[in-house]
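In: sequence-free structure coming up:
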């Protein structure tokens, strides 16, 4: 089966006239609305919902990255935590899809794109290391048929004992060369340790991951050397994150509109109205889709636009959630009201790697050809 056949396979089961995004949105409303609060509080990791979304085609839309982003956004309207996991899952597929390792694709692409294989991305530490914010935490050495890797990553999400994720290690030989690869969480030398409770989005399958001399066979190597590959996938990696913020902003507009009948007489004095954010949302969506049409554009001008847009969406997410809380007043302060959940989720959009401060640093450094031209 060709790569495109794998990515389009799920459309064969669609009802005639029903779009991919319609299917994703309907599933999100049906399956996630009743459990969104439980996911937020860490009572549920929604593996079943993630698999159902995969069956509907949510993880196999990368033939056009705009569909992938729209799908994440549709999920984000209901649950920010699941939108984040959707980004993790789509990023795993994005890595596999773009790898030149044919054996890896045969082994993993179909299962990841369908949701049979769940997982995510462990690039938070590597991305920070490229800018001198942290040191690269994983080290490896070449051996017969693969590599031996050791080290620990403090935060990796959308994981479980049968999941996989992509990350990067540096060779111990002093060359500075880096290798991008897939980690199998079922490996006995891989240990998952639950993180301390979060402010929000606690049911995202987030763990500290310890690798103790883990053997990585060649058919789990995404790219060696890693850096040209990272340059290839970097724009898609960030553009897909935009879906989280766009969905959240759309729901914040809906929250503000929902209280208008009873509170407009006083909410009219607030400086930002739902129409303001609806207009901003339209602008951010339009630019996201424009950039997502050419995710392999390697020019620095294009990359700078991607970084600037990601920063704007993070800022807009926090602003929209803040406004939604103010429009709701005391009712939004109830633990049962989604306005306060949206506010907490919005901070995650602003701090998930690359965080607001890292994005600003990247722009201050003139968004240099990060990170593919280094090493």
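Out: Happy to help now that I have it. Note that the coordinates shown come from a computational prediction; the quantities given were computed from them, not determined experimentally.
In: which stretches of the stretch 1-150 of the chain form helices?
Out: Secondary structure of the stretch 1-150 of the chain (DSSP state H, counting those that start in this stretch): helices located at 3-8, 20-27, 36-40, 47-56, 65-76, 80-98, 102-114, 124-130.
In: ok, now the stretch 251-375 of the chain?
Out: Going by DSSP H, counting those that start in this stretch, the stretch 251-375 of the chain shows helices at 260-267, 274-292, 300-328, 338-351, 356-364.
In: Most tightly packed of these?
Out: Most buried of these by mean neighbour count (mean count of other C-beta atoms under 10 Å) is helix 338-351; its value is a mean of 22. Where C-beta positions appear, they are placed from N, C-alpha and C, glycine not excepted.
In: For it, which helices and strands make contact with it?
Out: Applying 3 or more C-beta pairs under 8 Å, 6 or more residues apart in numbering; DSSP states H and E, one finds that helix 338-351 contacts helix 36-40, helix 80-98, helix 227-258, helix 300-328.
In: Now with 10 Å, please.
Out: Under the contact criterion of 3 or more C-beta pairs under 10 Å, 6 or more residues apart in numbering; DSSP states H and E, the helices and strands touching helix 338-351 comprise helix 36-40, helix 80-98, helix 227-258, helix 300-328, helix 356-364.
In: For residue 106, find the nearest of those.
Out: Nearest to residue 106, of all the helices and strands packed on helix 338-351, is helix 80-98, at 10.2 Å by C-beta to C-beta.
In: so can I have a markdown table of the helices and strands packed on helix 338-351 showing mean pLDDT and distance to residue 148?
Out: Output for these, formatted as a markdown table (pLDDT from 0 to 100; distance: least, C-beta to C-beta, whole Å):
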| stretch | mean pLDDT | distance to residue 148 |
| --- | --- | --- |
| helix 36-40 | 96 | 36 |
| helix 80-98 | 98 | 21 |
| helix 227-258 | 97 | 21 |
| helix 300-328 | 97 | 34 |
| helix 356-364 | 94 | 31 |
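In: Make TSV out of those helices and add distance to residue 203.
Out: Output for the helices and strands packed on helix 338-351, formatted as TSV (distance: least, C-beta to C-beta, whole Å):
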stretch	distance to residue 203
helix 36-40	4
helix 80-98	6
helix 227-258	15
helix 300-328	19
helix 356-364	24
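In: For residue 216, which of these is the nearest?
Out: Nearest to residue 216, of the helices and strands packed on helix 338-351 and by C-beta to C-beta, is helix 80-98 at 14.2 Å.
In: how big is the angle separating the closest one from helix 338-351?
Out: Relative orientation of helix 80-98 versus helix 338-351 (axes from the mean of the first three to the mean of the last three C-alpha atoms, to 10 degrees): 40 degrees.
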